[in-house]
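sequence and computational prediction follow.
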Amino acid sequence: MKVLVVEDEHKIANSIKKGLEQESYAVDVAYDGNDGYDLASSESYDLMILDLMLPGLSGIEICKKLRTNSIHTPILILTAKGQLKDKVDGLDSGADDYLTKPFAFEELLARSRALIRRPHATSGTVLCLDDLSLNTLTYEVKRGAKSIQLSSKEYALLEYLLRHIGKTITKEQIINHVWNYDSDVLPNTVEVYVGYLRNKIDKPFPEKTNLIHTIRGFGYKLEKKLNV
């Protein structure tokens with residue numbers, strides 16, 4: 001999952017980025033409102049964490065402009081004031097949730113997970129396909145009763161595919177959602193990581209149906225194909 005953090009206090013922004021990356025998120029950071037809006041309106045994100053008080057465009061202005069332009073990325077606003085009017089203004093401008101500074105990272109993480117789940121109509125915290133499961137709280141991945149150890153990027157790739165079961169996902173979409181904006185990632189890097197996943201969730205289970213499928217000329221699809 002890919003997150004945009006727009007926060008002018010560098011220490012807070014970098015701390016959020018580091019914490020989210022340790023939880024297998026890809027994270028971009030902008031330190032002012034203008035750069036934040038440019039990224040939010042031109043790139044695809046699963047969540048935006050947005051400070052209200054920013055140089056350039058304010059958080060409120062960013063929310064309003066994004067929603068006016070039909071960009072519906074879930075937005076978690078941060079406010080140092082903690083006053084009711086600030087929260088109401090932020091929600092009325094199009095934000096989905098708010099968090100008052102100072103905050104515990106665990107709460108920010110929990111609220112982020114909730115907002116990311118919401119647009120995908122995912123119930124609960126466990127993503128499943130057939131006997132493959134991924135727990136977004138514990139980061140445990142299993143196929144049947146066997147636990148599967150994944151790297152951070154492998155986990156992020158599998159989570160993205162599990163949130164789009166049955167849909168063909170292009171290499172470009174995978175790059176945009178699994179890697180940071182400034183990462184130097186080539187299409188064959190995606191092929192390599194898909195291969196890593198296959199080696200862990202398909203090949204060790206020859207008696208079971210393969211779940212990762214290559215759609216030649218388009219990308220990849222995660223689904224269980226019925227035997228005919």
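Good, I have the coordinates. Source: prediction; values computed, not measured.

which residues are in contact with the lowest-mean-pLDDT helix or strand in the chain?
Least confident helix or strand, the chain: helix 84-92 with a mean of 81, by mean pLDDT, DSSP states H and E. For helix 84-92, the surrounding residues in contact (C-beta atoms under 8 Å, 6 or more residues apart in numbering) are 52, 59-60, 63, 77, 79, 98, 100. Using the backbone N, CA and C atoms, a C-beta is placed for each residue, glycine as well.

from the chain's centroid, how far away is it?
25 Å (C-alpha atoms, centre = their mean, to the nearest Å).

can you pull the contacts of residue 134?
Applying C-beta under 8 Å, 6+ apart to residue 134 gives the contacts 126-128, 140-141, 155, 158-159, 162.

tell me the buried residues in the helix or strand that contains it?
Counting by DSSP states H and E, the element that carries residue 134 is strand 132-135. Residues of strand 132-135 classed as buried: 132-134 (neighbour count, 16 or more other C-beta atoms under 10 Å).

in JSON lines, list those residues along with distance to residue 200 and pLDDT.
Formatted as JSON lines, the buried residues of strand 132-135 follow (distance: C-beta to C-beta, whole Å; pLDDT from 0 to 100):
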{"residue": "132", "distance to residue 200": "10", "pLDDT": "95"}
{"residue": "133", "distance to residue 200": "14", "pLDDT": "94"}
{"residue": "134", "distance to residue 200": "12", "pLDDT": "93"}
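
can you list those in JSON lines and add distance to residue 212?
As requested, these are exported to JSON lines (distance: C-beta to C-beta, whole Å):
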{"residue": "132", "distance to residue 212": "10"}
{"residue": "133", "distance to residue 212": "15"}
{"residue": "134", "distance to residue 212": "14"}
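
ok, those vs residue 48, which is closest?
residue 134 (23.4 Å; C-beta to C-beta).

and the closest one, how far from residue 195?
The spacing between residue 134 and residue 195, counted by C-beta to C-beta, to the nearest Å, is 19 Å.

where along this structure do the strands fall?
Ranges of strands within the chain are 2-6, 26-30, 47-51, 75-79, 97-100, 126-129, 132-135, 141-143, 146-148, 212-215, 219-222, based on DSSP state E.

which secondary structure elements does the second one sit against?
For strand 26-30, the contact count by 3 or more C-beta pairs under 8 Å, 6 or more residues apart in numbering; DSSP states H and E identifies strand 2-6, helix 10-22, helix 33-42 as packing neighbours.
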